[in-house]
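A.B. asks: Fold the following for me, if possible:
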Amino acid sequence: MRPREMHPLCCLVADCAAGGGEADGDDCSPPRAEEEAPAAVAGVLYKWTNIGKGWRPRWFAIRGGVLAYSKIRRRVAAEQPPDAAAGVRLIGLARGGVGEQPIGFVHLKISSFSESKSDDKRFYVITPTKTLQLRTGCAKDRVAWIEALVSARSEYSLNGGVPCDQNEGSFSTETLRNRLHAEGVGEATIKDCEQIIHSEFSQYHTQMKQRCEEYLSFIGTLPRELEVVNSGDASTIEKPQSELFKHDCSSSGKCSEYSNTESSDDAVQQEVGQLSDKDEFHFYDTRQSFSDITASPDMKMRYLNYGSGAHKIGELHDIDKTNEYLFSSKRRSELPVPVEKEKGVSLWSMIKDNVGKDLTRVCLPVYFNEPLSSLQKCFEELEYSYLLDRAYEYGSRGNGLMRTLYVAAFAVSGYASTDARPCKPFNPLLGETYEADYPEKGIRFFSEKVSHHPMVMACHCEGKGWKFWGDSNLKSKFWGQSIQLDPSGVLTLEFDDGETFQWSKVTTTINNLIIGRLYCHHHGTMNINGNRQYSCKLIFKEQSFLDRNPRQVQGFVKDANGTKVASLMGKWDESMSYIINDDTSRVNSRTANQSAGGTLLWEKNEPPANPIRYNLSSFAITLNELPPGLKEKLPPTDSRLRPDQRHLENGEYEKANSEKLRLETRQRMARKMQESGWKPRWFQRDTEDGTFRYVGGE
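C.D. replies: Numbers count the residues shown, from 1 in each chain. Below is the predicted model:
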């Protein structure tokens with residue numbers, strides 16, 4: 001065979017070890033687990049899957065800088081735990097199962113880890129594309145897992161460079177030389193062949209090394225690129241909302257630009273912020289990991305569940321409150337300490353002179369008020385606005401039934417704040433306004449008192465993919481031992497895709513004004529009418545003395561054909577659940593709080609750690625807050641600038657009573673103003689349905 005007919009690489013043997021040996025241990029091939037790879041770690045961790053399934057056990061294993069996880073199948077008694085024979089260190093108990101084929105992988109060299117401060121068993125593995133929420137069986141196991149993850153990542157750091165030796169490899173051509181000698185090729189020709197092969201292979205080796213370094217460099221810059229992209233997405237989402245309520249205000253009464261008073265719209269929001277609003281995080285980070293991963297406000301919707309089944313809502317709150325982690329420190333958590341001691345007042349002496357009168361016309365001392373106006377109470381009903389965010393997300397994915405269910409849950413959730421609230425809000429003055437900007441919830445709100453007699457308040461709110469507006473004419477009367485509140489008006493919810501829902505509120509009765517514990521209950525029928533396929537009917541059960549399970553709400557969702565496709569049950573002061581294609585006999589055979597077979601839609605937030613006299617929720621405490629710099633940005637008609645309400649919040653009761661009397665005396669002029677053609681500044685009555693719609697102005 002002639003030398004030019006033989007492929008020169010067929011007899012070539014490459015040796016990457018420097019100096020032709022293996023003492024350095026820098027082999028180009030993947031390291032053998034039993035000799036060079038760090039010790040593998042495995043065990044069972046609970047992984048948060050989705051809202052419907054909650055925490056599920058998964059088999060996790062660390063090997064070769066990669067964290068893999070799989071579902072667990074039950075093993076027989078004679079079967080050994082996974083990798084037990086391979087010398088793998090097990091953390092925790094195998095819990096009677098073995099791992100199946102891996103269903104997910106996480107490359108640790110581009111990951112960071114954080115541990116929860118509110119739960120000593122929970123920690124997070126954060127990557128550029130997802131965040132794994134994990135929980136161990138005990139606090140000791142969490143420490144072991146964090147140490148194992150950090151150790152595995154350090155062993156496979158990107159700073160390690162190219163896996164192969166950085167020097168040029170030495171090549172053995174002994175086989176090629178022998179073959180050429182056998183063919184009768186001269187020594188000079190053999191040396192020329194060796195020189196050509198060595199030169200070509202060296203160039204190939206250099207090119208491959210450069211390409212490998214380029215890939216490593218690309219991976220190293222990927223976190224920064226993702227941060228730029230994600231922060232850009234967040235600003236894109238927030239930008240349309242910043243166009244709402246842009247109106248100037250001067251001391252003459254024109255409203256100022258609707259300001260972002262509490263926090264910046266372009267504030268960087270870490271993805272870990274969506275995990276828990278109570279957690280403080282300690283990051284186990286390196287230069288290669290993602291310590292600051294930004295996310296859009298809608299990122300929480302990745303956790304939505306499209307299945308059904310019973311689950312607990314405890315961990316749901318950590319996900320629902322996506323962005324409140326960053327803003328919770330900026331909102332106050334309690335009211336100021338009262339300056340004066342509150343004086344007692346005879347309730348009977350106030351009631352006996354006002355039986356049968358309209359409550360809105362009765363002048364009561366501030367001892368019967370809470371430091372909020374009725375305009376702010378309208379916004380308080382949007383505390384659980386995340387339900388509308390979910391409804392929008394489900395509808396945009398074609399699930400109209402789940403959208404209707406979440407709208408129904410939102411309609412009920414507005415009553416949760418009325419439980420154990422003995423005091424009434426301040427009646428707003430004619431033209432009084434209230435505006436709220438809550439970037440952590442993704443909503444902006446504006447309300448105005450548009451009529452004095454009858455007293456009508458109009459509101460408008462915009463969120464992530466939806467708009468909510470309505471007006472309320474509250475008719476109230478004293479009946480000696482109770483007060484009955486009959487709201488009239490229509491609430492409208494419109495999504496960006498054109499689907500709308502409308503409903504009216506039910507009747508509220510406040511009992512035991514003179515003797516016994518003061519309490520309220522809501523009763524009546526609420527019809528939520530949609531303009532597309534689904535509508536809903538909710539029945540607020542009227543409470544009786546013999547009722548052992550009060551405050552029940554039951555209802556159903558029906559399609560365009562009138563077929564009941566889902567049932568709802570719960571309590572307006574606790575939670576709401578649903579069952580798809582429910583058997584009617586099942587719902588009728590159990591009470592609302594025993595709906596263990598239903599899937600939870602909504603649950604009331606926990607009360608503040610230090611309850612106050614007014615029993616305000618954590619959200620309500622923030623509504624009248626006036627931090628430094630906000631006063632100059634608010635219009636003079638804002639409820640937060642009302643002096644009697646501010647004095648009451650500060651515990652200055654004498655000043656609050658005198659200011660309330662002064663303002664209500666001037667308010668009697670409002671009827672003359674209204675009769676002379678006064679019109680609201682920011683709302684206008686719709687000629688078609690008679691509701692007030694936000695129109696803006698200058």
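
A.B. asks: mind checking which helix or strand P371 is in?
C.D. replies: P371 is located in strand 369-373, with elements delineated by DSSP states H and E.

A.B. asks: Can you show me the helices along the protein?
C.D. replies: With DSSP state H as the definition, the chain shows helices at residue ranges 139-155, 174-182, 187-241, 316-320, 324-327, 347-351, 374-380, 386-396, 400-413, 584-588, 618-621, 643-649, 653-667, 670-675.

A.B. asks: Buried residues, the second one. List them.
C.D. replies: Just to be clear, that refers to helix 174-182. Of all the residues in helix 174-182, those buried under the rule 16 or more other C-beta atoms under 10 Å are L176, R177, R179, L180. Heads up, the C-betas are built off the backbone N, CA and C, glycines and all.

A.B. asks: Include pLDDT when you put these into CSV, please.
C.D. replies: Formatted as CSV, the buried residues of helix 174-182 follow (pLDDT from 0 to 100):
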residue, pLDDT
L176, 81
R177, 82
R179, 83
L180, 83
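
A.B. asks: Grab the two from those that are most spread out in space.
C.D. replies: Using C-beta to C-beta, the buried residues of helix 174-182 span at most 7.3 Å, a distance reached by R177 and R179.

A.B. asks: can I assume R153 is in contact with V106?
C.D. replies: No - assessed by C-beta atoms under 8 Å, R153 is found out of contact with V106, at 10.4 Å.

A.B. asks: Just the local confidence number for the closest residue to E194 other than its chain neighbours, please.
C.D. replies: Distance criterion C-beta to C-beta, 6 or more residues apart in numbering; nearest residue to E194, sequence neighbours excluded, is T173 at 5.0 Å. As predicted, T173 sits at a pLDDT of 76.

A.B. asks: ok so, going back, so which of R153 and V106 has more stuff around it?
C.D. replies: Per other C-beta atoms under 10 Å, whichever of R153 and V106 has more neighbours is R153, with 25 against 20.

A.B. asks: sorry, back to before: also compute the angle for the strand holding P371 relative to helix 653-667, please.
C.D. replies: Taking axes from the mean of the first three to the mean of the last three C-alpha atoms, to 10 degrees, one finds strand 369-373 and helix 653-667 inclined to each other by 60 degrees.

A.B. asks: Does strand 369-373 pack against any helices or strands, and if so which?
C.D. replies: On a contact count with 3 or more C-beta pairs under 8 Å, 6 or more residues apart in numbering; DSSP states H and E, strand 369-373 meets strand 424-426, helix 643-649.

A.B. asks: Can you give me the buried ones in the last one?
C.D. replies: In this case it means helix 643-649. Residues D644, Q645, R646, H647, L648, E649 are the ones in helix 643-649 that count as buried (16+ other C-beta under 10 Å).

A.B. asks: you'd agree V366 is up against E654?
C.D. replies: No - if you go by C-beta under 8 Å, V366 and E654 don't touch, sitting 9.5 Å apart.

A.B. asks: Compare those two (neighbour count), which wins?
C.D. replies: Applying other C-beta under 10 Å to V366 and E654 shows that V366 carries more neighbours, namely 25 against 12.

A.B. asks: quick one: contacts for the residue nearest to that one when sequence neighbours are not counted?
C.D. replies: Leaving aside its sequence neighbours, V366 sits nearest to A656 (C-beta to C-beta, 6+ apart; 4.4 Å). Applying C-beta atoms under 8 Å, 6 or more residues apart in numbering to A656 gives the contacts V366, D644, Q645, H647, L648.

A.B. asks: Was I right to think the second one contacts T665?
C.D. replies: No - with contacts defined as C-beta under 8 Å, D644 does not count as touching T665, sitting 11.9 Å away.

A.B. asks: got the contact list for T687?
C.D. replies: Shown in contact with T687 (C-beta under 8 Å, 6+ apart): no residues.

A.B. asks: Isn't S111 up against V150?
C.D. replies: No - counting by C-beta under 8 Å, S111 sits too far from V150 to count as a contact (10.3 Å).

A.B. asks: Compare those two (neighbour count), which wins?
C.D. replies: Ranked by neighbour count (other C-beta under 10 Å), S111 and V150 place S111 first, with 25 against 16.

A.B. asks: pLDDT value on the more buried one, please?
C.D. replies: So S111 comes in at 85 (pLDDT).

A.B. asks: Name the nearest residue to it, ignoring sequence neighbours.
C.D. replies: Leaving aside its sequence neighbours, S111 sits nearest to T127 (C-beta to C-beta, 6+ apart; 5.0 Å).

A.B. asks: Quick one: neighbours of that neighbour, just the number.
C.D. replies: Using other C-beta under 10 Å, the number of residues around T127 comes to 20.

A.B. asks: how far away is the closest residue to K571 other than its chain neighbours from Y519?
C.D. replies: Leaving out its chain neighbours, the residue that sits closest to K571 by C-beta to C-beta, 6+ apart is R551, at 4.6 Å. Plainly put, R551 is 10 Å away from Y519 if you go by C-beta to C-beta, to the nearest Å.

A.B. asks: Neighbour count: the two, which is higher?
C.D. replies: Taking other C-beta under 10 Å, R551 and Y519 do not tie; R551 has more neighbours (22 against 17).

A.B. asks: what sits against that one?
C.D. replies: Contact analysis of R551 by C-beta under 8 Å, 6+ apart lists H521, H522, K541, Q543, K571, W572, D573, E574.

A.B. asks: what about this protein, any weak spots by pLDDT?
C.D. replies: 1-39, 73-87, 93-100, 156-172, 213-329, 343-362, 582-597, 670-671, 674-675, 697-698 (pLDDT under 70).

A.B. asks: Among the contacts of R551, give me the pair with the biggest separation.
C.D. replies: Q543 and E574 (14.5 Å).

A.B. asks: before we move on, back to that, for the helices and strands packed on strand 369-373, give me JSON lines that also has distance to V407.
C.D. replies: Putting those into JSON lines (distance: least, C-beta to C-beta, whole Å) gives the following:
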{"stretch": "strand 424-426", "distance to V407": "25"}
{"stretch": "helix 643-649", "distance to V407": "32"}
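
A.B. asks: Between those, which one is closest to G92.
C.D. replies: Closest approach to G92 among the helices and strands packed on strand 369-373 (C-beta to C-beta): helix 643-649, 50.7 Å.

A.B. asks: Name the residues that touch the closest one?
C.D. replies: Counting by C-beta under 8 Å, 6+ apart, 335-336, 366, 369-373, 426, 624, 626, 639-640, 653, 655-657, 659-660, 663 sit against helix 643-649.
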